Every structure is written in structure tokens, then in C-alpha cells.
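Asks: need a structure here:
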Amino acid sequence: MRKSVWLAGVFLFTGAADAATFEKIPQAGGSPDLIVITGIIEPNDDTQFNQVAATTGQAVVLLNSEGGSVLPALEIGRAIRLKGFATAVASDTLCASACALTWLAGTPRLAGQSANIGFHASYVVNNGTASETGVGNALIGAYLNQLGLSQSTIVFVTSAPPEGMAWLSGAKASELGLQFASYQTNAVPSNTVETQIAPEPYDPMRVAAAFYNALSNADGVAAAALVIPEKRGIGPFNEASIHSYFGGLSAPLQLESVARRGADKVAVAYTYSRADGSACNGKAEVQTTYKYGKTLISKIRALNGC
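Replies: The predicted model follows:
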């Protein structure tokens with residue numbers, strides 16, 4: 001369902017927060033096709049991926065994603081492994097949390113020299129119910145075991161703290177025995193590919209609106225994916241806490257306005273009713289930053305206590 005939002009005097013419709021897109025880019029000369037996944041992975045995205053993957057027999061799956069829902073990410077990974085696709089993360093792009101789990105399924109795995117691949121302890125939402133980290137890690141562990149990864153790799157991935165991000169470096173991969181090869185985008189003769197992996201424009205208002213629309217849906221995964229990886233899981237950016245609090249409101253959060261305040265700050269106004277029926281007419285200042293080729297939230301300051 002689309003949501004209406006008043007943005008700086010212009011009435012717009014907004015959809016899901018930076019939802020993932022899937023695009024197949026055929027390559028010349030018998031080279032494997034590219035399947036480009038960009039944006040936040042959401043429930044049922046594995047169905048979209050399978051529809052695209054069914055149209056090719058050989059592909060490299062290029063990932064550029066903040067993260068998202070764990071269960072579809074695991075299913076995408078299983079499909080990648082079943083079809084024998086490679087996975088890749090380009091230099092100066094981000095593949096975090098759920099995205100990184102998908103990347104692990106590639107045969108082979110590829111990464112640019114300055115790719116940002118990070119793991120983060122997760123919870124899963126199944127049929128609208130949030131499962132605690134232990135259940136989520138059990139599902140992730142079973143998936144990693146199916147991929148044939150070492151015990152030390154499984155421990156590294158599932159032990160990554162919820163307060164931040166565990167980044168995979170070349171040295172760490174060697175220590176774990178986790179193999180991946182270099183990915184050179186300039187070796188791929190396609191202007192379209194270069195466009196797909198180009199850094200996104202800096203857009204604080206869009207990201208602030210997407211974050212509060214995720215809160216309105218009690219979608220802790222999508223909301224946290226818009227936050228800098230170093231602060232995910234902490235305080236107001238904890239996925240499970242977001243899901244629990246905003247899912248328990250008697251009237252969901254409604255975003256009323258979004259306005260730019262200087263180069264990096266956005267003022268937002270919103271309303272909701274708490275579980276006890278009391279109303280909140282909230283205002284907040286959202287601090288954004290530009291990292292990993294994406295606009296991300298670094299801090300939120302409530303201005304009136306709710």
C-alpha cells in the first residue's frame with residue numbers, strides 16, 4: 001500500500017523504503033549475465049530473484065545492498081548456490097547484514113579491493129512474529145552449514161554483535177579460510193553496469209522519509225538498514241525494539257512533514273498513538289551522512305520527547 005507524505009510543500013506518494021530492485025544485464029561474447037540487486041531486501045524478494053534467475057543459465061549476482069530481511073536473503077543465497085552463480089560486491093559499495101549472507105553463497109565469491117562486506121547479528125520476522133536472535137542465528141547457521149563453510153566462519157558470522165558491524169577484511173577471510181577472488185568492474189565491457197554500481201546521489205530527505213515510513217509499518221529491518229552500520233542494533237536503532245514498540249501502537253506512526261535543514265540535517269514531524277491511547281505529536285532532527293556510496297542516518301534527536 002502506498003503512503004501519502006507532505007514533503008516541503010509538495011504532495012508525493014512513497015512506497016517501501018528503498019526496496020530492492022533486480023535487473024538482468026546480458027553480457028556479450030558468451031560471458032555470464034549480470035544480475036544486479038540494489039537496495040533493501042524485503043519479504044518475497046526471493047520470488048522476484050527466482051523469476052529473473054530463471055531466464056539465464058550462467059550469471060554473476062552483483063550486490064549493492066544495505067541489508068534487509070534475513071529469510072528472503074537466505075532463500076536467494078540457496079538459489080544462487082543451486083544454480084552455481086557467482087556473487088560480487090564492487091569497490092566502494094556496501095553489502096551488509098542480510099546481503100552479506102547472500103554473498104557467501106556465490107561460487108565463486110568476488111569482491112572489489114575496497115568493497116564493504118559486513119555481518120550483523122539478526123532476528124527474523126516470520127508471519128509477522130519477531131523471533132529472537134538465537135532463533136535467527138540457528139537458521140543462519142543451518143544455511144551456512146549447507147554452503148559448506150567452516151566452523152570458524154559460521155562462528156564469525158553468527159557471533160557478530162548486534163551493536164554495530166563485523167567487517168570482512170582480506171586478512172580475516174584468510175584466517176577463516178573463506179576464499180574469494182578480486183572483482184574488477186573495469187573488466188566488464190558494459191556502460192550499463194557502471195551506471196548500476198555508481199554511487200547514489202546524496203538525498204537526506206528521501207532517506208529520512210523512508211526511515212519514518214518503515215517505522216509506520218513497524219519494520220525494524222528496513223528502518224535499521226537506513227542507519228550507518230556502526231550504530232545498527234543500538235538503542236533506538238535496534239530492529240527488534242523498533243518492531244516491538246511501533247507494532248504495539250494503538251494508531252500507527254503517520255509522517256506529516258519532511259524539510260531540509262542545512263546540508264546534512266532533516267526536520268521531520270509525525271503523529272502516533274501509544275499502546276495506552278495517549279497521543280504523540282512528535283518532531284525530530286535527523287542527521288545524515290554519505291558513506292559507502294549511500295545516504296545513511298547517523299543520529300536522530302527527538303525535539304519534544306516522543
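Asks: so which residues of this protein form helices?
Replies: Using DSSP state H, the helices of the chain run over residues 45-53, 70-83, 98-103, 133-146, 151-159, 170-176, 191-196, 204-216, 220-225, 239-247.
Asks: can you redo the ones you listed as a markdown table with mean pLDDT?
Replies: Output for the helices of the chain, formatted as a markdown table (pLDDT from 0 to 100):
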| stretch | mean pLDDT |
| --- | --- |
| helix 45-53 | 97 |
| helix 70-83 | 96 |
| helix 98-103 | 97 |
| helix 133-146 | 84 |
| helix 151-159 | 90 |
| helix 170-176 | 94 |
| helix 191-196 | 47 |
| helix 204-216 | 96 |
| helix 220-225 | 91 |
| helix 239-247 | 90 |
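Asks: would you reformat those helices as TSV and include distance to Ile117 and mean neighbour count?
Replies: Yep, even glycine has a C-beta here, placed from its N, CA and C like the rest. Formatted as TSV, the helices of the chain follow (distance: least, C-beta to C-beta, whole Å; neighbours: other C-beta atoms under 10 Å):
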stretch	distance to Ile117	mean neighbour count
helix 45-53	19	18
helix 70-83	13	21
helix 98-103	5	28
helix 133-146	15	17
helix 151-159	11	17
helix 170-176	9	13
helix 191-196	18	14
helix 204-216	22	23
helix 220-225	15	28
helix 239-247	19	19
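Asks: need these in CSV (columns: distance to Gln287).
Replies: Listed next are those as CSV, based on distance: least, C-beta to C-beta, whole Å:
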stretch, distance to Gln287
helix 45-53, 29
helix 70-83, 28
helix 98-103, 24
helix 133-146, 28
helix 151-159, 30
helix 170-176, 30
helix 191-196, 29
helix 204-216, 9
helix 220-225, 15
helix 239-247, 18
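Asks: to Ala90, which of the ones you listed lies closest?
Replies: Proximity to Ala90 (C-beta to C-beta) singles out helix 191-196 among those, at 8.9 Å.
Asks: need the nearest residue in space to Arg232, chain neighbours excluded.
Replies: On the basis of C-beta to C-beta, 6 or more residues apart in numbering, the spatially nearest residue to Arg232 that is not a chain neighbour turns out to be Ala224, at 4.8 Å.
Asks: tell me the contacts of that neighbour?
Replies: Shown in contact with Ala224 (C-beta atoms under 8 Å, 6 or more residues apart in numbering): Gly67, Arg232, Gly233, Phe237, Asn238, Glu239, Ile242.
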